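# curious how this folds, go ahead:
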Amino acid sequence: MHWSLLTSAPLAIQLHLLTVVPSFFLGTWLLFLSKKGTKIHRAVGFLYMTLMTVTAITSLFIQSIRPGHFTAVHLFIPLTLWGVGSALWAIRKKDVAEHKRAMYGLYIGGLALAGAFTLYPGRLLHQFFFKGN
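Numbering: from 1, shown residues only. Here you go, the predicted structure:
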């Protein structure tokens, strides 16, 4: 791992990583390890949703592959925001099944799939993990 790549990255990328990394771990805990419906689940879930929203918004400012243009990975921005809104709406309506579907969709689409795109050759995280400077 080559930490200098991250410390010299643009601020938007640094903020994005500061929100997406904890989102991954919190999301994993929420979906697979926590007891659902408890106060701690709701509190951590609120933090997770906040972090995912900030993650999506910071993505708008990351355009290092094609400066001034969006790429295919930016399609995850509205999908992530939709997922957050859908999950919140569903749980407010006490529709636990829909909330669960929205949360799994948010985790798989907003974290796993979007994260996989960041490991594509030429992207910063690919260089961080596999190539170095």
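# neighbours around Lys100, how many?
Other residues near Lys100 come to 15 when the count uses other C-beta atoms under 10 Å. Every residue, glycine included, has its C-beta placed from N, CA and C.
# angles on the backbone of it, please.
Phi and psi for Lys100, reported as degrees, to the nearest 10, are phi -60, psi -40.
# and it, how close does it get to Ala112?
Distance, Lys100 to Ala112, using C-beta to C-beta, to the nearest Å: 16 Å.
# what's the mean pLDDT across the top helix by length along the chain?
The longest helix of the chain (DSSP state H) is helix 39-59. In this model, helix 39-59 has a mean pLDDT of 97.
# which residues are contacting it?
By C-beta atoms under 8 Å, 6 or more residues apart in numbering, the residues outside helix 39-59 that reach it are 12, 15-16, 19-20, 22-23, 26-27, 29-30, 34-35, 73-74, 76-77, 80-81, 83-84, 87-88, 106, 110-111.
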